[in-house]
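Colleague: One predicted model, sequence on top.
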Amino acid sequence: MTSEMIRMLQDLNFTEYEAKAYLALLDKSPLSGYAISLNSGVPRSKIYEVLSGLVERGEIIVSHEEPALYTPLPPQELIRLKKNKMKSSLDAAAEALSRYTQAAANREQIWNITGSEAILSRTAEAIGRAGERVLLEIWTEEAKMLEPELRQAAARGVEILIVVYGELDFDFAQVFPHDSSEEVTWEYGGRWIVASMDDREVIAGIVSLGTDSRAAWTVHPALVMPITEVIIHDLYIFELLRAHRPTLEQTFGPDLINLRKKYNYGPSGFRMAVKLGLGPET
């Protein structure tokens, strides 16, 4: 047993004690744990822990008798085993690093999606990747198109929360109807979708303009957080209205319409609707 042989085995992921035990078995086998300790210089207090690790990795074989006897894997088989394990590890590392590189690149990108069909398709894919929670702010029409993917996500334990403009009866989701759906549609001249999957991936944009629809998809943290909060904010409003509607409407009008008039009269509010010819200016 030479120090050079021990170093070579250490290069193959053996510890010093494992290398000594394996070489002792190459010199003579089968041997008991006690005999291996004597022949290798591995302390008796450590030998069975060392042998257990070698057995677990398939580098030595143990008999089922009393006392247990140990035999080494022949050198050619040991090298073949190490090569196969190394190849598997390298293949797995290559795939994982490739995915990581792609994910890292995506974290810095904001992708433009054109056309309502493409937007809904990308949203369906993202829902399919969700593992914990899907938040959606959406109109009835588009929600029904995404029902299969949402139902499958719910079946695998994903929490589904939907703020819906219109009516929606999904028995697998928590549905929160948005007040003043018709007014909101008129004010902004169309329907949109805001989706957040696991608070890590978001899609947001207009979906009611057919091939002219536009949306953005990103996993950029600086955008994921505020876009997710848009949906959560509407959930807050729903809960507040459910608990205190009479008081809030006394102050801000039916469905809080006075708040809408106060803050939505801007470049993307009532003026947009009027500019598009969707209703009278008020």
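Modeller: Structure's in. What do you need?

Colleague: Show the model's pLDDT score for residue 264.
Modeller: On pLDDT, residue 264 comes in at 65.

Colleague: Next: the one 5 residues further on.
Modeller: Among the per-residue scores, residue 269 shows a pLDDT of 49.

Colleague: How about the one 4 residues further on?
Modeller: On pLDDT, residue 273 comes in at 44.

Colleague: same check, this time on residue 47
Modeller: 93.

Colleague: if I've got this straight, it is in a helix?
Modeller: Yes. When DSSP: H, G, I helix; E, B strand; the rest coil is applied, residue 47 is found to be in a helix.

Colleague: what about the nearest residue to it once chain neighbours are set aside, distance to residue 49?
Modeller: Nearest residue to residue 47 in three dimensions, chain neighbours excluded: residue 37, at 4.2 Å (Cβ to Cβ, 6 or more residues apart in numbering). In this view, the C-beta of every residue, glycine as well, is placed from N, C-alpha and C. Distance, residue 37 to residue 49, using Cβ to Cβ, to the nearest Å: 11 Å.

Colleague: lowest-pLDDT helix or strand in this structure?
Modeller: helix 270-275 (a mean of 46; mean pLDDT, DSSP states H and E).

Colleague: follow-up on the earlier one: hmm, the residue nearest to residue 47 is touching residue 50, no?
Modeller: No. Applying Cβ atoms under 8 Å, one finds residue 37 not in contact with residue 50, separated by 9.1 Å.

Colleague: which one of residue 37 and residue 49 has more residues nearby?
Modeller: Set residue 37 next to residue 49 and count neighbours by other Cβ atoms under 10 Å: residue 37 wins out with 23 against 10.

Colleague: Can you list the buried residues in the helix or strand containing residue 227?
Modeller: Residue 227 is part of helix 221-252, with elements assigned from DSSP states H and E. Residues of helix 221-252 classed as buried: 224, 227-228, 231, 234, 237, 248-249 (neighbour count, 16 or more other Cβ atoms under 10 Å).

Colleague: Tell me the one of those nearest residue 117?
Modeller: Nearest to residue 117 among those, counting by Cβ to Cβ, is residue 227 at 21.7 Å.

Colleague: What helix or strand is residue 261 located in?
Modeller: For residue 261, the host element (DSSP H and E) is helix 257-264.

Colleague: Which elements pack onto that helix?
Modeller: Applying 3 or more Cβ pairs under 8 Å, 6 or more residues apart in numbering; DSSP states H and E, one finds that helix 257-264 contacts helix 181-188.

Colleague: Quick one: mean pLDDT for the very next helix or strand once past the helix it packs on?
Modeller: Per DSSP H and E, the first helix or strand lying C-terminal to helix 181-188 is strand 192-197. Taken as a whole, strand 192-197 carries a mean pLDDT of 95.
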